[in-house]
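[1] no letters, just coordinates:
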């Protein structure tokens, strides 16, 4: 029995699509969901131009559609398949092979990017299962993304350095200038990426150990970690966030910073939220001053996280009557409303050491809970503020001056540089 037999029997939605034998030295599989995508070939070209690692690489593209889609989408998918197959036929390399899966008529209830990613990633698991390689690497990538030439080799380097790695995020940068898009879109993506980086770094500054980027086009996981956490979900949006939070919670999660994925900043209405939807909103509403979570909410949260060890071993009444009164008002209110004290009492009754307690505390107050807290306190206690204001306040607390800097693009470059070096 190989490592993923049970998972595949229970979770794999469709039988294996790819019939080619699996080479023993296959080490990395790139998975790409593709729906109504006019320029898939450009993304494939970026991968083709990458330096080859020491192991073999496969790329699995799944062109997909649901039961109820327009004729225009079906027509575009058909064209994409023809174009991609023609390109693949002329780009053959023993070290890098491309496969295209076509799956139409996905159930309306679950058709979407989550299910498409799951089908492709399950196929990748099955490939690694055939050669008994639980440490095989699976990456998420998008059909409108590009990457640097060292994309494969930097991923290889990380997983070689940390053989027990469960996963990693890969540094990403949206393009901020060029001829392909309008100035409005470039200005909009600068604000949105600044928000993403501000959110992650503010959460990290507050002291949460699960603060990592969760972008669907720029992550890598081991096949074993993938099945251990139940595989990709079928969410029609936000699938990357929910999936990666489960992988991050396993520990041994890293950051790959010396290569880049370059996601597209284009508008999209294919999902209810995410980058494409956000940029569509920016463009349609003419947003020039994006509002996001007030930095004060993260500062309050830091007070709680800085005192996590104080909560170890305390009884329910002590926490309620003594420790909670020392926390900021919005945090106190949220903890009471969420009944977190009961969850904390349960954590304490199942922890014999401070290290175990910390892990379980942040398992209870996970990234989903942080998001719930932020939404709660902004409904009741504070207003959203300009991402430029928030970003500058955080940089000040990180010891970085921003005098004379007022644009999202300038701040974003500072955030990018900070993340690369910290």
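    Great, that's in hand. The structure presented is a predicted model; accordingly, all values stated were derived computationally and were not measured.
[2] check which helices and strands the helix ranked longest in the chain sits against.
    Here the longest helix in the chain is taken by residue count, with DSSP state H as the criterion, and it is helix 183-206. If you count contacts as 3 or more CB pairs under 8 Å, 6 or more residues apart in numbering; DSSP states H and E, helix 183-206 packs onto helix 275-285, strand 291-292, helix 295-306, helix 387-397, helix 408-421. In this view, the C-beta of every residue, glycine as well, is placed from N, C-alpha and C.
[3] in JSON lines, list these along with distance to residue 61.
    Converted to JSON lines, these look like this (distance: least, CB to CB, whole Å):
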{"stretch": "helix 275-285", "distance to residue 61": "19"}
{"stretch": "strand 291-292", "distance to residue 61": "34"}
{"stretch": "helix 295-306", "distance to residue 61": "39"}
{"stretch": "helix 387-397", "distance to residue 61": "34"}
{"stretch": "helix 408-421", "distance to residue 61": "29"}
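[4] residue 235: which of those is closest?
    Proximity to residue 235, assessed across the helices and strands packed on helix 183-206 by CB to CB, is greatest for helix 275-285 (14.0 Å).
[5] re earlier: and the helices and strands packed on helix 183-206: which comes nearest residue 43?
    Using CB to CB as the criterion, the shortest distance between residue 43 and the helices and strands packed on helix 183-206 is 15.0 Å, found for helix 275-285.
[6] contact partners of that closest one?
    Contact with helix 275-285 is made by 174, 184-185, 188-189, 191-192, 237, 263, 265-271, 287, 290, as judged by CB atoms under 8 Å, 6 or more residues apart in numbering.
[7] drop anything exposed from these.
    By the neighbour-count criterion of 16 or more other CB atoms under 10 Å, the contacts of helix 275-285 include these buried positions: 174, 185, 188-189, 191-192, 237, 263, 265, 267, 270-271, 287, 290.
[8] ok, of the residues you listed, which one's closest to residue 413?
    Out of the buried ones among the contacts of helix 275-285, the one with the shortest distance to residue 413 is residue 174. That distance is 12.2 Å, counting by CB to CB.
[9] what stretches of this protein score poorly on pLDDT?
    269-274, 318-320 (pLDDT under 70).
[10] mind giving me the domain split of it?
    When the chain is parsed with automatic domain parsing, its domains come out as 5-289, 295-380.
[11] most tightly packed of those domains?
    With neighbours defined as mean count of other CB atoms under 10 Å, the domains of the chain peak in mean count at domain 5-289, which reaches a mean of 19.
[12] just how off-centre is the one helix or strand residue 248 maps to within its chain?
    Element membership of residue 248, judged by DSSP states H and E, is helix 239-249. Helix 239-249 has its average C-alpha position 7 Å from the chain's average C-alpha position, going by CA atoms, centre = their mean, to the nearest Å.
[13] check which helices and strands it sits against.
    Contact partners of helix 239-249 among helices and strands, from 3+ CB pairs under 8 Å, 6+ apart: helix 113-130, strand 167-172, strand 219-222, helix 367-380.
[14] do that again at 10 Å, thanks
    Packing contacts for helix 239-249, counted by 3 or more CB pairs under 10 Å, 6 or more residues apart in numbering; DSSP states H and E, involve helix 113-130, strand 137-140, strand 167-172, strand 219-222, helix 223-228, helix 354-364, helix 367-380.
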